[in-house]
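Undergrad: how would this look folded up:
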Amino acid sequence: MADMSFDVVYVGAGNKNLVNAIYATRYGGLTVGMFEDRYEAGSGWSTEESPAPGFLANHCSHMHCGAWYYKAIWEDFPQEWEAYGPRLVYPKVATGTVFLEDDSWIGTYTVFDDPSQEKSAKLIARFSPKDAEVWLKIHDLVRKHIGPAFFEVAFNPPQPLEQPDAIDQLLTKPPPGLNPLWNLMSPAQLSLELFESPEAQMLFMRAAQSAGIQPESPGLGLAALIMIEGYMITTILAGGNHQAAHFCNRVIKENGGKIYTRHTVNKILIENGRAIGVRLVDGTEIEAKKAVVCGANPEQLVFDLTGPEYWDPEIPRKVKNIERDWTVISWYTWALHEPPKYKAEAFDPNLADMVWMCLGQKEVDYLLQEHYRRRLGMWPEPDKFNLVVSDYSLYDPTFAPPGKACVLTEQFVLPATAYSEEEWKTIEKRHADEILYFWQKYAPNMTWDNVIGYVPVTPFFTARHSKTFAPTGNWSVIDCPSHQFGRFRPIPELADLRNFPIENLYPCSAAWHQASGGHMQQGYWVYKIMAERFGLIKPWEEKGRSW
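TA: Numbering: from 1, shown residues only. Alright, predicted model coming up:
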């Protein structure tokens, strides 16, 4: 006899499982028990006072793209969001690239500050009037056609290959200006196809890379476009991204759910091809009367939490071959005496308002060469970083004491598995020196004299922050090449949860359809499948949503 029993048992309380559980409790009326290895719920939705006393850092999940992350929650939990949801702050300048050659910069404004994108086009026109016109057309295409299609696909369960989804339908009958061949291109190819100036090409490519889309990956052209548009709706969660976890935690508990932290699941219990519960490391067994929802990555699910003997032999073999080494990043957060002062502010002072800034150079090969170097297992050259800088304290004063600044830097590096623990300890300090060395070229005040403290979030750090990101420290759990994107993610044999190999087992992590990120997609559409199977309330039908 089990020690505890719930309708739904959750392996982990990461953000996808939290989203699923707020629907399962509030709309499904189900009893839920969430069992989390860490000391708190949220996983990637984590915020810590870590760079220095009084300074906050988001350790894993950074860019939260408004409606792309929360629109269904806003509609389905309006009273709760109004009462205790995170307060949103709306930046002015979304993303851009600063160039070393002449201290200029190119960027785009958010739709909150520039709904028509005329301000963005005016800035782009300083490099190429033609590219400015292209940008306005692209923005219109994404807003009217590409974005809604991706939204419908992302917030619904993956469709079988023989059944066209909204993106397939869009490409079959494309609106004027949309070339279906774009979807077959890599982001690098598409940037060259669309824009004539190297400045606009670099703006497009580096922003897509931050969203987990590697620049040389074929078949992700449209995905890169929608990721770029995501920056236009970037929002900042006041007090840090962990506020989203607090919101879900409260909704779950108010509806009778239980969250157990520091309770590690050792095994998913399987009987006659069905998941019937879990066993904790201390031997406690918990019955799942309807479902086990699992936030683990595919390798953990197949090899650790279940066992290869429960799967068709092809599945363990394919899971071992999943790509997971390249969406690995150093995220250092710096507590500073004063904000960085960029030379490029002389070109246009609005640079100071940018929330996601790349420091680079004016050639596509500059970015690609850094990428290829990492593919060869080589550390990026400090003279040729593609460093992103993000100053949340510019918009949210809770991130830093008055007069100070708290700034994130992002650089793609090598996976956690490339070095030993001792080697990573050495790399942490060396990489800090490398970042400041590079940063000073663009902002001369970025010396050690300006630094109060920093937290070195390396892939090694990320791999130990949550087992889901292990062993490589991949923030997207697995990479996003075209064969691991959308309905194929993570592999075709595990993608269709309506016909999953183990009954009543529902994987629910960023390793599943549609893509990576700290959004709500997987948690939401997994509930959709559960609602269909168990006859639960479907708020999207009540509100007439296609997603």
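
Undergrad: Settle this for me: Cys248 is touching Ala21, isn't it.
TA: Yes: counting by C-beta atoms under 8 Å, Cys248 does reach Ala21; the two are 7.1 Å apart. Using the backbone N, CA and C atoms, a C-beta is placed for each residue, glycine as well.

Undergrad: higher neighbour count, the two?
TA: Just comparing Cys248 and Ala21: by other C-beta atoms under 10 Å the higher neighbour count belongs to Ala21, 31 against 28.

Undergrad: now the more buried one, what's its secondary structure?
TA: helix (DSSP: H, G, I helix; E, B strand; the rest coil).

Undergrad: ok, Val302 - contacts?
TA: 308, 311, 315-316, 319 (C-beta atoms under 8 Å, 6 or more residues apart in numbering).

Undergrad: Kindly recompute the last result at 6 Å.
TA: For Val302, the contacting residues are 311, 316, 319, by C-beta atoms under 6 Å, 6 or more residues apart in numbering.

Undergrad: what's around the residue nearest to Gln209 when sequence neighbours are not counted, how many residues?
TA: In space, and not counting its chain neighbours, Gln209 is closest to Pro215: 5.7 Å by C-beta to C-beta, 6 or more residues apart in numbering. Neighbour count of Pro215, defined by other C-beta under 10 Å: 24.

Undergrad: Isn't Pro215 up against Met185?
TA: No: contact between Pro215 and Met185 fails when scored by C-beta atoms under 6 Å: they sit 11.1 Å apart.

Undergrad: what's the distance between Glu503 and Leu497?
TA: 11 Å (C-beta to C-beta, to the nearest Å).

Undergrad: Show me which of these two is the more surrounded one.
TA: In terms of neighbours (other C-beta under 10 Å), Leu497 is the more surrounded of Glu503 and Leu497; the figures are 21 against 14.

Undergrad: show me where the stretch 151-300 of the chain has helices.
TA: Counting by DSSP state H, counting those that start in this stretch, the segments of the stretch 151-300 of the chain that form helices are 166-172, 187-194, 198-210, 221-231, 242-254, 298-299.

Undergrad: Indicate which one of those is closest to Asp76.
TA: The closest approach between Asp76 and any of these, judged by C-beta to C-beta, belongs to helix 242-254 at 10.4 Å.

Undergrad: quick check: mean pLDDT across that closest one?
TA: For helix 242-254, the mean pLDDT works out to 97.

Undergrad: buried residues in that helix?
TA: Buried residues in helix 242-254, defined by neighbour count with 16 or more other C-beta atoms under 10 Å: 242-249, 251-252.

Undergrad: Same question for stretch 437-449.
TA: 438-439, 441-443, 446.

Undergrad: just checking, what packs against the strand ranked longest in the chain?
TA: Taking DSSP state E as the assignment, the strand of the chain that covers the most residues is strand 285-294. Packing partners of strand 285-294 (3 or more C-beta pairs under 6 Å, 6 or more residues apart in numbering; DSSP states H and E): strand 4-11, strand 274-280, strand 505-507.

Undergrad: got the contact list for the shortest one?
TA: This points to strand 505-507. 275, 291-294, 497, 526.

Undergrad: And Gly230, how far from His519?
TA: 10 Å.

Undergrad: For the closest residue to Ile233 other than its chain neighbours, give its distance to Ser43.
TA: Spatial nearest neighbour of Ile233, excluding adjacent residues (C-beta to C-beta, 6+ apart): Gly66 at 4.0 Å. As judged by C-beta to C-beta, Gly66 and Ser43 stand 21 Å apart.

Undergrad: what's the answer for Leu394, then?
TA: Taken as C-beta to C-beta, the span from Leu394 to Ser43 is 26 Å.

Undergrad: cool, Ser186 as well?
TA: In this view, Ser186 and Ser43 are 30 Å apart by C-beta to C-beta.

Undergrad: okay, the two: which has more neighbours?
TA: Ser43 (28 against 22).

Undergrad: Nearest residue to that one in space, please, no chain neighbours.
TA: Leaving out its chain neighbours, the residue that sits closest to Ser43 by C-beta to C-beta, 6+ apart is Gly14, at 3.3 Å.

Undergrad: State whether the one you found and Trp45 are indeed in contact, as I suppose.
TA: No: in this structure, Gly14 is not within contact of Trp45 by C-beta under 6 Å, at 7.9 Å.

Undergrad: what sits against the closest residue to Val251 other than its chain neighbours?
TA: Leaving aside its chain neighbours, Val251 sits nearest to Ile22 (4.4 Å; criterion: C-beta to C-beta, 6+ apart). Applying C-beta under 6 Å, 6+ apart to Ile22 gives the contacts 248, 251-252.

Undergrad: ok, 10 Å please
TA: Contacts for Ile22 were tallied using C-beta atoms under 10 Å, 6 or more residues apart in numbering; they are 28, 32, 73, 76-77, 80, 247-252, 254-255, 257, 520, 523-524, 527.

Undergrad: And Glu216, by the same measure?
TA: Contacts for Glu216 were tallied using C-beta under 10 Å, 6+ apart; they are 186-189, 205, 367-368, 371-372, 375, 481.

Undergrad: Out of those, who's the most crowded?
TA: In the contacts of Glu216, the most neighbours by other C-beta under 10 Å go to Met205, 31 neighbours.

Undergrad: Would you agree it is in contact with Ser186?
TA: Yes: here Met205 reaches Ser186: they are 9.4 Å apart, a contact under C-beta atoms under 10 Å.

Undergrad: May I ask you to confirm that Asn95 belongs to a strand?
TA: Careful, residue 95 is Thr; it's not Asn. Yes: the assignment for Thr95 by three-state DSSP puts it in a strand.

Undergrad: quick revisit: shared neighbours, Cys248 and Ala21?
TA: Among the neighbours of Cys248, those also in contact with Ala21 (C-beta under 10 Å, 6+ apart) are 13, 41, 257, 259, 523.

Undergrad: And the residues you listed, which is closest to Ile270?
TA: Of all the shared contacts of Cys248 and Ala21, Ile270 sits closest to Ala13, with 21.8 Å by C-beta to C-beta.

Undergrad: Check which residues of stretch 399-407 are buried.
TA: Buried residues in stretch 399-407, counted by 16+ other C-beta under 10 Å: 399-401, 404-407.

Undergrad: which pair in the residues you listed spans the largest distance?
TA: Spanning the widest gap among the buried residues of stretch 399-407 are Pro401 and Val407, at 13.8 Å by C-beta to C-beta.

Undergrad: For the two, list the residues in contact with both.
TA: Common contacts of Pro401 and Val407 (C-beta under 10 Å, 6+ apart): 55, 335, 393.

Undergrad: element containing the second one?
TA: This means Ala335. Ala335 belongs to strand 329-336 when elements are defined using DSSP states H and E.

Undergrad: Equivalent analysis for the first one, please.
TA: Element membership for Phe55 (DSSP H and E) is empty, with no helix or strand holding it.

Undergrad: what sits against the nearest residue to it once chain neighbours are set aside?
TA: Ranked by C-beta to C-beta, 6+ apart and with sequence neighbours excluded, the top spatial neighbour of Phe55 is Ala335, at 4.1 Å. By C-beta under 10 Å, 6+ apart, the contact list for Ala335 reads 50-57, 393, 399-401, 404-407, 450-455.

Undergrad: for the protein, longest helix please?
TA: helix 421-439 (DSSP state H).

Undergrad: Now for the closest residue to Val457 other than its chain neighbours, how many residues are close by?
TA: Spatial nearest neighbour of Val457, excluding adjacent residues (C-beta to C-beta, 6+ apart): Trp331 at 4.1 Å. The burial count assigned to Trp331 is 23, neighbours taken as other C-beta under 10 Å.

Undergrad: doesn't His62 make contact with Trp331?
TA: Yes: with contact defined as C-beta under 10 Å, Trp331 and His62 form a contacting pair (7.4 Å).

Undergrad: Quick check: neighbours shared by these two?
TA: 388, 390, 408, 410, 475.

Undergrad: quick one: which of the residues you listed is nearest to Leu269?
TA: Using C-beta to C-beta, the shared contacts of Trp331 and His62 come closest to Leu269 at Trp475, 30.4 Å.
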